[in-house]
Structure formats: C-alpha cells, structure tokens
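Q: need a structure here:
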Amino acid sequence: MTDLKRSFEELGFENVSTYGQSGNVIFDCRHTEVAQLARRIEEKLGDAFGFSTNVIIRTQQELERILEHNPLIHEQDVAIDKLYVTFLLDAPDPSVVSNPDIRPDDGEKFAIVGKEVYLYCPNGYARTKLNNAAFEKKLNTLATTRNWKTTNKLISKLKEL
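A: As a prediction, this is how the structure comes out:
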C-alpha cells in the first residue's frame with residue numbers, strides 16, 4: 001500500500017491515504033473530469049506495478065449520498081454486517097436495470113440505484129452469486145464491491161482530512 005500511495009503522490013494528488021488492502025485510496029485533487037482522472041491513474045498504476053487495473057472513482061459527495069440512500073439498510077431482518085455496495089463504472093441502461101435477469105439466492109436482496117448496487121448477502125459475500133462478475137456481465141460495465149463497514153470507514157477518513 002506504500003507503493004500505491006507513492007504512485008498517487010507522484011501524480012500530484014494531495015492528502016493521499018490508503019485504507020485496507022484492496023486498493024482503496026483517498027486523495028485530494030483539483031481535477032474534476034473523473035473519466036480522464038481514472039485513465040491517468042490507470043496508466044500510472046500500470047507503469048508502476050506492471051499490470052493493468054481498472055479505477056472506479058467516487059467523490060466525497062457521492063460517497064455521502066451512497067451512505068444516505070441505501071434502500072436496504074432500514075428493511076426488516078437486514079443485518080448491517082451483511083450489507084455491501086457494488087460500485088459501477090457507469091450507470092447501466094435503465095431498460096436493463098428494470099429487468100437485470102439476476103436471481104438472488106434465498107434471503108439475498110439487491111437494489112440498483114444509479115452507479116451503485118446495494119447488496120444484502122446474509123451468507124456473506126464470498127458465497128453469493130451477486131458478485132462483480134454477475135453485475136459486470138448483466139449491466140455491461142465494470143464493478144468493484146466493498147462491505148458497508150469499509151464504505152462507512154472511507155467516508156469517515158475523508159471527513160478527517
């Protein structure tokens with residue numbers, strides 16, 4: 001994670017911080033064109049680490065909105081520690097969202113809202129079919145998933161900076 005942080009600092013970002021071991025990076029940047037910013041980061045990480053990776057970016061305001069608008073959080077019989085958010089690179093086509101042809105297992109739930117998929121996986125994320133590959137295939141975009149605790153921690157770290 002030290003090398004990852006250094007790569008972001010070399011791109012000129014400020015207040016760079018990492019969280020966890022899955023590539024969560026918090027940084028300040030004046031650049032506002034997210035797609036162009038993601039490409040710059042992808043190129044830098046490819047050069048620094050020798051492999052390609054996809055970068056999905058959310059601003060502090062977007063993360064705050066995600067935390068405030070989880071449609072599953074207040075449902076009955078939903079355990080907070082079984083909630084996840086799948087971050088999509090692009091907002092999927094509304095016609096696909098209305099009928100995504102994804103079948104959750106018993107007790108599982110999901111809701112597609114904008115560029116996020118809110119998940120409830122009572123048996124844990126490792127056992128669900130509601131994984132990145134399923135959503136990438138059905139929604140025709142890239143995805144990465146974080147548990148609810150990590151998502152909350154990221155916004156807490158952002159507010160500390």
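Q: Only C-alpha atoms from now on, for both contacts and neighbour counts.
A: Noted.
Q: mind checking the longest helix of the protein?
A: helix 34-49 (DSSP state H).
Q: part of a helix, is I66?
A: Yes - I66: assigned to a helix according to DSSP: H, G, I helix; E, B strand; the rest coil.
Q: State the pLDDT value of it.
A: What the model reports as pLDDT for I66 is 96.
Q: Kindly export the longest helix of the chain (C-alpha atoms) in CSV.
A: Extracted C-alpha coordinates of helix 34-49, given in CSV (Å, rounded to 0.1, in the frame of the first residue of the first chain):
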residue,chain,number,x,y,z
VAL,A,34,-13.5,11.8,-13.5
ALA,A,35,-13.0,9.6,-16.6
GLN,A,36,-9.8,11.4,-17.6
LEU,A,37,-8.6,11.2,-14.0
ALA,A,38,-9.2,7.5,-13.9
ARG,A,39,-7.3,6.9,-17.1
ARG,A,40,-4.3,8.9,-15.7
ILE,A,41,-4.4,6.7,-12.6
GLU,A,42,-4.7,3.5,-14.5
GLU,A,43,-1.7,4.4,-16.7
LYS,A,44,0.4,5.3,-13.7
LEU,A,45,-0.5,2.1,-11.8
GLY,A,46,0.2,0.1,-15.0
ASP,A,47,3.7,1.6,-15.3
ALA,A,48,4.4,1.3,-11.5
PHE,A,49,3.2,-2.2,-11.0
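Q: For that helix, list every residue counted as buried.
A: Neighbour-count burial for helix 34-49, counted by 16 or more other C-alpha atoms under 10 Å, picks out I41, E42, K44, L45.
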